[in-house]
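*Asks:* this is a predicted model, with the sequence first.
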Amino acid sequence: MKNRQIADMFERIADVLEFQGEMPFKINAYRRAARALVDMPTDIETLWKEGRLRNVPGVGEALAKKMDEFLRTGRMSKFEEATGSVPSGLIDLLGIQSLGPKTLALAHKKLGIQNITDLKRVVEDGSLTALPGMGPKKVENIRKGMELREKSAGCVPLGRALNLVEEIVHRLKKHPGVGRMDPAGSLRRMRETVGDIDILAETKSGESLIRTFVSLPMVTRVLAAGSTKGSVLVEGGIQVDLRAVDSDSYGAALQYFTGSKEHNVRIRELAKKRGLKVNEYGLFDRNEKRLGGRTEEWLYERLGMPWIPPELREDNGEIENALENKLPDLVALRDVLGDLHVHTEWSDGRASIGIMAQKAKALGYRYLAVCDHSQSAGYANGLTPERLEEQVREIGRINRGGKGFRVLAGTEVDIRTDGTLDFPDTLLSKLDIVVAAVHSGFKKRVTERLISAANHPLVDVLAHPTGRLISKREGYEVNIEAVMKACAETGTAMEINAWFERLDLSDVHARRAGDMGVKLAIGTDAHEPGHMDAMRLGIGVARRAWLEKGDVLNCRSWEKRKPKH
DNA sequence: GCCGTTTTCGGCCCGACTGTTTTCAGTCG
């Protein structure tokens, strides 16, 4: 997919233009197009071949021409011109908090800074402070910004952020006079990684709540502590903001701070067209008269649409659908009847089948699929055919006692480099469910191997189909669109692996798969009972992918678990 | 640079906070 490549180039052009003081609207046009490219599930090359580049929202004549040039020649003259005109180390500095394009341009012009080393020097020797409009505090903030970037280096995986925010909310809820409290921002939207964490609290005593907040045990530094906003860094360099909000504005504030930015821009445009104004305090008419803002539901309703689930708020069609009352009825955690991918101590898990089953029952499930590794996975203590047969018998014994709950005998069978499976069909046919996955040979014909697994009549699910690890590993060299097509044709389900580092398929891919008619199976890949709580991450991905209950295999009863039947 | 049930030209979301100012620019979300 060249989508990411082009998006990165557009972002870079935008950065340079911003540095050069270009019109903000032009800069924004590049950024919008870049975002659209990353968020769309289709390969841009496909669209290009069909002559439909301009179908991408935010792409007009000029940007389409630049994309066409790149797709034809592998080069984009605008990009080369932009990056050639400015030292590259300079533009990278825009990622530093409190240092924006104006200040950077000033420092470049007056002090000749070219890169991070120069910046450090002018911060330390005081020459930056001496520039017009600059002062000691601004420079100190830039210094802290550089420090923060060195330490935190990027984003927190959603799974970690959720655990942290729950701990904080749990503690703050005990504070007297606190009403509603919700995490907002990208965390509420369940994005796979989160930059910083926003929490909203309904209270009249903001000042004392914020004092409590900034003195929580996990806080390592206090950045701000006023009467409406507290801002801290916690262990790991994660920034957490708490905002104290009045009851009457709570809904408007929650909507505002949940974002996304793009969604909110659209919402406000829409309001404006109707002679209304939306901000974080509420909805206002032409005469600045406040009409309300206590709940999000009310706000969306007054704008002529039903409440939009946060996971959809990315300006990817949700507003148009809401206006026509055509929002999907998103799958929810309570719809899940079982976990379709867990490991036990038989391979590399840390708990017995019984303990894992107990946890599944505690979660309210009706079934649990035990899918230990197959024989090739030596590193993971993969099961030999004999041990798998033994495990099947063991599961039979466990099921004899239980009613209303069933352990499914399954496997996470390796797809070998030649495309064949790691167990013979005679053995696979004895199982309740067969999950197939690539665990080695990431560069060896992965697309063909996955397709041949999809074509295998006994394979029910392809696990973690792209093999990516969030912020760690790119994933296999695979044409995932072709694999989806094979799955759609054969009725093979694809997994949404809910392990916090995987989330594979991703939201964008899962949406594409759903559109193509592929069924999705959410599995936690749990290696101990606690890992099974990650189902909510998988559900987050599924909801961001616009999936409904009927699209998700493990919302069906165990008897209907086989997607091919 | 994009885009059109008020527009093919003239708009383009809105406000807080900070720090440097004495009326505002820059940055952020």
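*Replies:* Ah, there it is.
*Asks:* make it CA atoms for all contacts and neighbour counts henceforth
*Replies:* Noted.
*Asks:* give the contact list for the residue sitting nearest the centre point of chain A.
*Replies:* The centroid of chain A falls nearest to A:Glu192 when counting by CA atoms, centre = their mean (2.3 Å). Going by CA atoms under 8 Å, 6 or more residues apart in numbering, A:Glu192 touches A:157-158, A:503, A:541.
*Asks:* distance-wise, check it relative to A:Leu388.
*Replies:* According to CA to CA, to the nearest Å, A:Glu192 and A:Leu388 sit 34 Å apart.
*Asks:* and the stretch 51-200 of chain A, which residues reach DNA strand B?
*Replies:* Within the stretch 51-200 of chain A, the positions near DNA strand B by CA under 7 Å from any atom of the strand are A:57-64, A:96-104, A:132-139, A:141.
*Asks:* low-confidence ranges in chain A?
*Replies:* A:151-154, A:471-472, A:565 (pLDDT under 70).
*Asks:* care to break it down by domain?
*Replies:* Structural domains assigned to chain A are A:3-152, A:156-245, A:250-323, A:333-560, following automatic domain parsing.
*Asks:* closest residue of the stretch 51-200 of chain A to DNA strand B?
*Replies:* Going by CA to the nearest atom of the strand, DNA strand B is nearest to A:Gly135 of the stretch 51-200 of chain A, at 2.3 Å.
*Asks:* was I right about that residue contacting A:Thr129?
*Replies:* Yes - counting by CA atoms under 8 Å, A:Thr129 is a contact partner of A:Gly135 at 4.9 Å.
*Asks:* which one of those two has more residues nearby?
*Replies:* A:Thr129 (18 against 13; other CA atoms under 10 Å).
*Asks:* A strand includes that one, no?
*Replies:* No - A:Thr129: not assigned to a strand; according to DSSP: H, G, I helix; E, B strand; the rest coil it is coil.
*Asks:* so what's it up against?
*Replies:* Applying CA under 8 Å, 6+ apart, we find A:Thr129 in contact with A:123, A:135-136, A:138-139.
*Asks:* which members of those residues are classed as buried?
*Replies:* A:123, A:139 (16 or more other CA atoms under 10 Å).
*Asks:* give me the distance from stretch A:246-264 to the chain's centre.
*Replies:* In terms of CA atoms, centre = their mean, to the nearest Å, the centre of stretch A:246-264 is found 20 Å from the chain centre.
*Asks:* again with stretch A:460-479
*Replies:* Chain-centre distance of stretch A:460-479: 15 Å, with CA atoms, centre = their mean.
*Asks:* for that stretch, C-alpha coordinates in CSV please.
*Replies:* Extracted in CSV, the C-alpha atoms of stretch A:460-479 (Å, rounded to 0.1, in the frame of the first residue of the first chain):
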residue,chain,number,x,y,z
ASP,A,460,-12.3,-21.7,10.3
VAL,A,461,-10.2,-18.6,11.2
LEU,A,462,-7.0,-16.9,10.1
ALA,A,463,-5.3,-15.6,13.2
HIS,A,464,-3.5,-12.2,13.4
PRO,A,465,-3.6,-12.0,9.6
THR,A,466,-1.0,-9.2,9.1
GLY,A,467,1.4,-10.1,11.8
ARG,A,468,2.1,-6.6,12.9
LEU,A,469,3.2,-5.6,16.4
ILE,A,470,2.1,-2.1,17.3
SER,A,471,5.1,0.3,17.3
LYS,A,472,7.4,-2.7,17.1
ARG,A,473,7.1,-4.7,13.9
GLU,A,474,5.6,-3.9,10.5
GLY,A,475,4.0,-7.2,9.8
TYR,A,476,4.3,-9.8,7.1
GLU,A,477,4.8,-8.9,3.5
VAL,A,478,1.3,-9.6,2.6
ASN,A,479,-1.4,-8.4,0.2
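*Asks:* which SS class is A:Arg546?
*Replies:* Small correction: residue A:546 is Trp, not Arg. Counting by three-state DSSP, the backbone at A:Trp546 sits in coil.
*Asks:* that one contacts A:Ala332, correct?
*Replies:* No - when contacts are counted by CA under 8 Å, A:Trp546 is not listed as touching A:Ala332 (11.2 Å).
*Asks:* phi, psi for A:Leu327 please.
*Replies:* phi -70, psi 150 (degrees, to the nearest 10).
*Asks:* for it, which non-adjacent residue is closest in space?
*Replies:* A:Asn321 (5.4 Å; CA to CA, 6 or more residues apart in numbering).
*Asks:* tell me the SS of the one you found?
*Replies:* Look at A:Asn321: counting by three-state DSSP, its state is helix.
*Asks:* wait, it sits on A:Arg313?
*Replies:* No - counting by CA under 8 Å, A:Asn321 stays clear of A:Arg313, with 11.6 Å between them.
*Asks:* need the overlap of contacts for the two.
*Replies:* Common neighbours of A:Asn321 and A:Arg313 are not found (criterion: CA under 8 Å, 6+ apart).
*Asks:* looking at these two, which is more packed in?
*Replies:* Taking other CA under 10 Å, A:Asn321 and A:Arg313 do not tie; A:Arg313 has more neighbours (22 against 15).
*Asks:* just confirm the more buried one contacts A:Tyr256, I think it does.
*Replies:* No - in this structure, A:Arg313 is not within contact of A:Tyr256 by CA under 8 Å, at 11.2 Å.
*Asks:* which residues in the stretch 201-350 of chain A form strands?
*Replies:* A:219-225, A:229-234, A:238-245, A:277-279, A:282-284, A:290-292, A:338-342 (DSSP state E, counting those that start in this stretch).
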